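Participant: fold the following and give me the result.
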Amino acid sequence: MQLYSFFNSSTSYRVRIALALKDLHYTYHGVNIRVGEQCFADYAALNPSKGVPLLVDDDGTALSQSMAIMQYLDDQYPQAGLIPEEPQLKARVLEVANAIACDMHPVNNLRVLGYLKSELGITDAQKDAWYAHWAREGFNALETLLGRHGGAPYCFGQAPTLADVCLVPQVANVLRMGLDMAAYPRVMAVYEHCQGQSAFQQAAPSAQPDFQG
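Facilitator: Numbering: from 1, shown residues only. Take a look at the predicted model:
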């Protein structure tokens, strides 16, 4: 199994957590999205989306979207399942995971922020305000959802799910950007618990071969 990843990519981080939770071993290939390596011809031939992550399984199956990758991993390698079978719990897990993957991440990822600045000419201050606005909108929703339906120590009880796999990288991203998370105690309790677990530690940006301090 091969994983094309960038250490600070939150979508790559999700997949690394999933692989670690399932104890699946892989060869790591760093793709530096800060300098545009994802657009180089050899990589774009592998991944037409020109992004990370990209997972190539031993049978040649190649997938380029983190949510599809994690569904595939759950189907192919059912140990440490990320998506529960019970219908209501499954829906709650997917509700939180997709609030992050569909609402929060797309408007605040590197290429969107880069386009806002380079093509639309916004200032750094305006870019930071954009980022903070959408992060707060998302975390306000997550804090409420966890308060209504969640359970400690993970998002939904005693075992990590796809919700935790998505939440941890998103929190790590906003902390790196300096956002004050004091208003989100439930979110932060999950994040802090996960930081003490070996699978999450193995997947952390600082533990990757391409880490840049």
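Participant: which helices and strands does the longest helix seen in the chain pack with?
Facilitator: Using DSSP state H to define each element, the chain has its longest helix at helix 124-149. In this structure, helix 124-149 packs against helix 87-98, helix 105-108, helix 110-118, helix 162-176, helix 185-195, with contacts taken as 3 or more C-beta pairs under 8 Å, 6 or more residues apart in numbering; DSSP states H and E. Yep, even glycine has a C-beta here, placed from its N, CA and C like the rest.
Participant: deepest of those helices, which one?
Facilitator: helix 162-176 (a mean of 24; mean count of other C-beta atoms under 10 Å).
Participant: next, the angle from that helix to helix 87-98.
Facilitator: 20 degrees (axes from the mean of the first three to the mean of the last three C-alpha atoms, to 10 degrees).
Participant: tell me which other helices or strands helix 162-176 touches.
Facilitator: Going by 3+ C-beta pairs under 8 Å, 6+ apart, helix 162-176 lies up against helix 10-21, helix 87-98, helix 124-149, helix 185-195.
Participant: quick one: closest of the ones you listed to Asp58.
Facilitator: Nearest to Asp58 among those is helix 10-21; the distance by C-beta to C-beta comes to 13.2 Å.
Participant: circling back: CSV for the helices and strands packed on helix 124-149, including mean pLDDT?
Facilitator: Conversion of the helices and strands packed on helix 124-149 to CSV gives the following (pLDDT from 0 to 100):
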stretch, mean pLDDT
helix 87-98, 98
helix 105-108, 93
helix 110-118, 90
helix 162-176, 97
helix 185-195, 98
